[in-house]
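**Q** Please find the sequence and the predicted model below.
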Amino acid sequence: MIEGTTYQSFRDDYLKTYHPEAAVEAGRFNDVSIVDSTEVLKRWVDGDDEKGEERRQALKGLASKKLIFIPDHSSIKKLKDVAETNQDLSSICDEIAVYVEFCSAIGSQNFSFEPLLLLGEPGVGKTYVANELVAALGLESYKLSVSDACEAFYLSGTQRGYANSTPGRVADRMAASKHANPVLILDEIDKASFNREDGRPSLLSPLLQLLEPDSARTFRDLSLDVQIDCSRVSYICTANNLETIPKPLLSRLRVIDVRKPSKENMVKIASKILSQTYAQMTGSSMPKEYVISPCATELISAITPRDFKLQARRIVSQLAIAKPDSERYVVTKECLQFVEHQERASFIGFVDTNSVRA
């Protein structure tokens, strides 16, 4: 460090130079390596074949310095909002909020939370709840759909030597992440294949390793043949039932029952989904307010967050076309006619093709 400078000023200058996207957050980040650079150099893939280039890019991403994101006090208010809308998460939100305060008080160099399993019926909004929790904390997140995964290579990569050797999803996401402590959302974990009759490694082995911080520190991708420190990663799993989840895996997860939202909470969720959908459709950072009228409340409260989300783009488009300059939209029963038709006809998850034909 240059004589006469403070650590904070030195850090600010460093971030502006090497991580300009993080400069505004100076003081909330810490730089770490998640791989041994010497090991990466040894594994650098020769040749210009397509798979070789894919591995090189993954190695390059893993070798880059990662930032540890530490949520600040603003996350505590956001966690309370999540708990109010999703009361099944009130306990875990309170615990994480206390941990955020703890990290702030001691100047923690790390932040992660225990592995969670959100359990509930299809469509009740488990993935939505997971995303809300992550957003409240400001953490990066990556969704892994493990319902079709049947072998270990999905997470840990294909063994070197195979013609189609590719990095696993964990290495791929960690290479892409700017942070050393992202959240991995493992969707529909109860539908993954954990028992293989052919003797080939199943998804269970790498999952058990990743869920224990001590063993996650030495997680090895078989395609890249490098050791990745995944000890700071947090995990949120979703499932419809527990019957197909192996006990060793279940013992490492904190199970939280997620029920269908109450009428009041479903109205709040619907308003938020519409606001988020508008932002996604337009790329705007200026939020729009969506108010659910009393006449539409009963209809919205009768469906699930997933079903409502399927109709959100149509509702947002319909309201914006009618009043393009409005900052506040009122969602009436007329806006939800198709939702009502869908709910009555049990077309859950499907689109009425007659309504979209030219």
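**A** Cool, got the structure.
**Q** So which residue is smack in the middle of this structure?
**A** Centroid-nearest residue in the chain: residue 141, 3.4 Å away (criterion: Cα atoms, centre = their mean).
**Q** do you know how far that residue is from residue 236?
**A** 8 Å (Cβ to Cβ, to the nearest Å). (C-beta placed from N, C-alpha, C; glycine too.)
**Q** list the contacts for the residue nearest to the centre of the chain?
**A** When contacts are counted by Cβ atoms under 8 Å, 6 or more residues apart in numbering, residue 141 touches 130, 131, 134, 182, 183, 184, 185.
**Q** which one of those is nearest residue 215?
**A** Nearest to residue 215 out of the contacts of residue 141 is residue 184 (Cβ to Cβ; 15.5 Å).
**Q** you'd agree the closest one is in a helix?
**A** No. Read with DSSP: H, G, I helix; E, B strand; the rest coil, residue 184 is strand and lies in no helix.
**Q** Pull the number of nearby residues for it.
**A** Look at residue 184: counted by other Cβ atoms under 10 Å, it has 24 neighbours.
**Q** tell me the phi and psi of the residue nearest to the centre of the chain?
**A** With angles defined as degrees, to the nearest 10, residue 141 sits at phi -140, psi 150.
**Q** pretty sure residue 266 contacts residue 309?
**A** No. In this structure, residue 266 is not within contact of residue 309 by Cβ atoms under 8 Å, at 11.9 Å.
**Q** Mind listing the strands the helix or strand that contains residue 144 pairs with, and their directions?
**A** Per DSSP states H and E, residue 144 falls inside strand 141-145. Strand pairing for strand 141-145, using DSSP bridges, gives strand 183-187 (parallel).
**Q** could you say what helices and strands the helix or strand following the strand it pairs with packs with?
**A** Counting by DSSP H and E, the next helix or strand C-terminal to strand 183-187 is helix 204-210. Applying 3 or more Cβ pairs under 8 Å, 6 or more residues apart in numbering; DSSP states H and E, we find helix 204-210 packed against helix 153-156, helix 213-216, strand 219-221, helix 247-250.
**Q** Which neighbours do residue 141 and residue 236 have in common?
**A** Counting by Cβ under 8 Å, 6+ apart, the contacts common to residue 141 and residue 236 are 130, 134, 183, 184, 185.
**Q** Run through who's touching the helix or strand containing residue 60.
**A** Secondary structure assigned from DSSP H and E places residue 60 in helix 50-63. The contact list for helix 50-63 (Cβ under 8 Å, 6+ apart) reads 33-35, 37, 40, 43-46, 163-167, 171-172, 174-176, 221, 223-224, 226, 228.
**Q** swap in stretch 318-332?
**A** Stretch 318-332 has contacts (Cβ under 8 Å, 6+ apart) with 270-271, 274, 278, 288-293, 295-296, 300, 315, 335.
**Q** Return the subset of those lying in strands.
**A** Counted as lying in strands by DSSP state E, out of those, are 289, 290, 291, 292.
**Q** Now do the contacts for the first one.
**A** Translated: residue 289. For residue 289, the contact set (Cβ under 8 Å, 6+ apart) comprises 271, 275, 327, 328, 329.
**Q** Look at the third one and report its pLDDT.
**A** At residue 327 the predicted local distance difference test score is 90.
**Q** for the second one, same thing?
**A** In this model, residue 275 is scored at 93, pLDDT.
**Q** Pull the number of nearby residues for it.
**A** 17.
**Q** Could you identify the most distant pair in the contacts of residue 289?
**A** 271 and 327 (14.0 Å).
**Q** out of those two, which sits in the busier spot?
**A** Between residue 271 and residue 327, counting by other Cβ under 10 Å, residue 271 is the more crowded of the two (18 against 9).
**Q** From what I see, residue 274 and residue 317 are in contact.
**A** No. Taking contacts as Cβ under 8 Å, residue 274 lies outside contact range of residue 317: 10.9 Å.
**Q** who has more neighbours, these two?
**A** Set residue 274 next to residue 317 and count neighbours by other Cβ under 10 Å: residue 274 wins out with 26 against 13.
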